[in-house]
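Visitor: sequence-free structure coming up:
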């Protein structure tokens, strides 16, 4: 089983609000791996919309994306791309 983690910074000026959070959860749910997102001491299930929203990740927040499972590398890479590139443009 693969374990992968990567730190990303929220660049979206509105932070990880409802719509980007929903996009992140939708993407994470496509993978069989367990996906976790950490901010400070908080660690949540990346497939939980309530968990992602409770992180209250404002612009400039540092998040650690981690995944455990057969498709962990692909999951972390796609989530990093979503946060760093696609959501940053909004």
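Guide: Arrived safely, thanks for sending. Predicted model only: the values in this text are computed from it and were never measured.
Visitor: stretch 23-38: which residues count as buried?
Guide: 23, 24, 25, 27, 28, 31, 33, 34, 35, 36, 37, 38 (16 or more other Cβ atoms under 10 Å). In short, each C-beta sits where N, CA and C put it, glycine included.
Visitor: and if you look at stretch 44-63?
Guide: Neighbour-count burial for stretch 44-63 [16+ other Cβ under 10 Å]: 44, 46, 47, 48, 51, 52, 53, 55, 57, 61, 63.
Visitor: from residue 13, how far off is the second one?
Guide: Distance, residue 46 to residue 13, using Cβ to Cβ, to the nearest Å: 22 Å.
Visitor: in strands, which of the buried residues of stretch 23-38 fall?
Guide: Of the buried residues of stretch 23-38, the ones assigned to strands by DSSP state E are 34, 35, 36, 37, 38.
Visitor: which residue sits closest to the last one, ignoring its sequence neighbours?
Guide: Once its chain neighbours are removed from consideration, residue 38 has its nearest residue in residue 64; the separation is 4.3 Å (Cβ to Cβ, 6 or more residues apart in numbering).
Visitor: how about low-confidence regions in this protein?
Guide: In the predicted model, the chain carries pLDDT under 70 at residues 88-90.
Visitor: how about the strands of it, start to end?
Guide: Under DSSP E, the chain gives strands at 2-9, 34-39, 42-45, 62-69.
Visitor: strands paired with the last one, and their directions?
Guide: Meaning strand 62-69. Within its sheet, and counting by DSSP bridges, strand 62-69 is paired with strand 2-9 (antiparallel), strand 34-39 (antiparallel).
Visitor: list the buried residues of it.
Guide: Quick answer for strand 62-69 (16+ other Cβ under 10 Å): 63, 65, 66, 67, 69.
Visitor: what's the most distant pair in those residues?
Guide: Across the buried residues of strand 62-69, the longest distance by Cβ to Cβ is 19.0 Å; it joins 63 and 69.
Visitor: how many residues are close by the closest residue to residue 31 other than its chain neighbours?
Guide: Excluding its sequence neighbours, the residue lying closest to residue 31 (Cβ to Cβ, 6+ apart) is residue 75, at 4.1 Å. With neighbours defined by other Cβ atoms under 10 Å, the count for residue 75 comes to 26.
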